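Asks: With the sequence up front, the predicted model follows.
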Amino acid sequence: MIRNKWLLMGSVFIFILLIIYRLPYPNTRFIGSGSSDLFLFNLSSRTGVELMEWISLILFVIAIVLFVRSLTDHRAVLTVLMVITVGWLPMKVVELYQFTFATGVDAVSYNDEESSCTFDGRDTMCEVELKNHSSNEVEFLLNIHDIDYEGNEGFLLDEWEHIQLKPRSTHMIEINQTSSEDVDMSGYTNSFNIQIRDDDKERDL
């Protein structure tokens, strides 16, 4: 089954490096920032070409070639399983950590698919779904983090929102703020990121 153990070890080593690189912790990649995506890799964004993503893609291709050449049987099935592992395992590792050892903001996850913001002039109303995976109450500050079409990063809320999450529960947080500046803008979005912070740490989710 194994044709060349050195090629197999080399491919597995690269796959492990890719899994570590793709761990969505402590921060996650900004949703909507990738404008040219290929499978697991965001090759470019509004801020330009993502060099590390291109390097990761090249290593990924090399790892697949080495993996296929190291085997004699069941190469197609095993290669598909390895590719699925690279895409699936990083998130599961983070979830396992959050369910067991994580405390404070480390134990918080963000569901962007169920979150949204509505803008109406100076008024902003957002619903943000958060989950506290730990067995203790968590307190932190939250702001909405975004990248505009020119690649500039910034916060959408004038003031940081104080959040409290009960242990091992999911919360739909409603945020209402009125800007102190005149804003002639209205609309709706469900594609945004958040930043949470306490006295010790901050995370981009």
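Replies: All right, it came through fine.
Asks: same for the helix or strand that contains T85, what does it pack against?
Replies: Following DSSP states H and E, one finds T85 within helix 75-100. Judged by 3 or more Cβ pairs under 8 Å, 6 or more residues apart in numbering; DSSP states H and E, helix 75-100 is in contact with helix 5-21, helix 51-70. Where you see a C-beta, it was placed from the backbone N, CA and C, and this is true even at glycine.
Asks: what's the span of stretch 176-194, first residue to last?
Replies: This stretch, stretch 176-194, spans 15 Å end to end (Cα to Cα, to the nearest Å).
Asks: lowest confidence element among the helices and strands of the chain?
Replies: Sorting the helices and strands of the chain by mean pLDDT, DSSP states H and E puts strand 34-38 at the bottom, at a mean of 43.
Asks: Identify the nearest residue to D158 in space, disregarding sequence-adjacent positions?
Replies: Using Cβ to Cβ, 6 or more residues apart in numbering and skipping residues adjacent in sequence, the residue nearest D158 is S179, 5.7 Å away.
Asks: That neighbour: what's it in contact with?
Replies: Taking Cβ atoms under 8 Å, 6 or more residues apart in numbering, we find S179 in contact with R122, D123, T124, D158.
Asks: if I look at the third one, how far off is I196?
Replies: Taking Cβ to Cβ, to the nearest Å as the criterion, T124 is separated from I196 by 18 Å.
Asks: neighbours of the closest residue to I64 other than its chain neighbours, just the number please.
Replies: Excluding the flanking residues, the one nearest I64 by Cβ to Cβ, 6+ apart is T79, at 6.2 Å. Residues near T79, counting by other Cβ atoms under 10 Å, number 17.
Asks: I appreciate the help and will end here.
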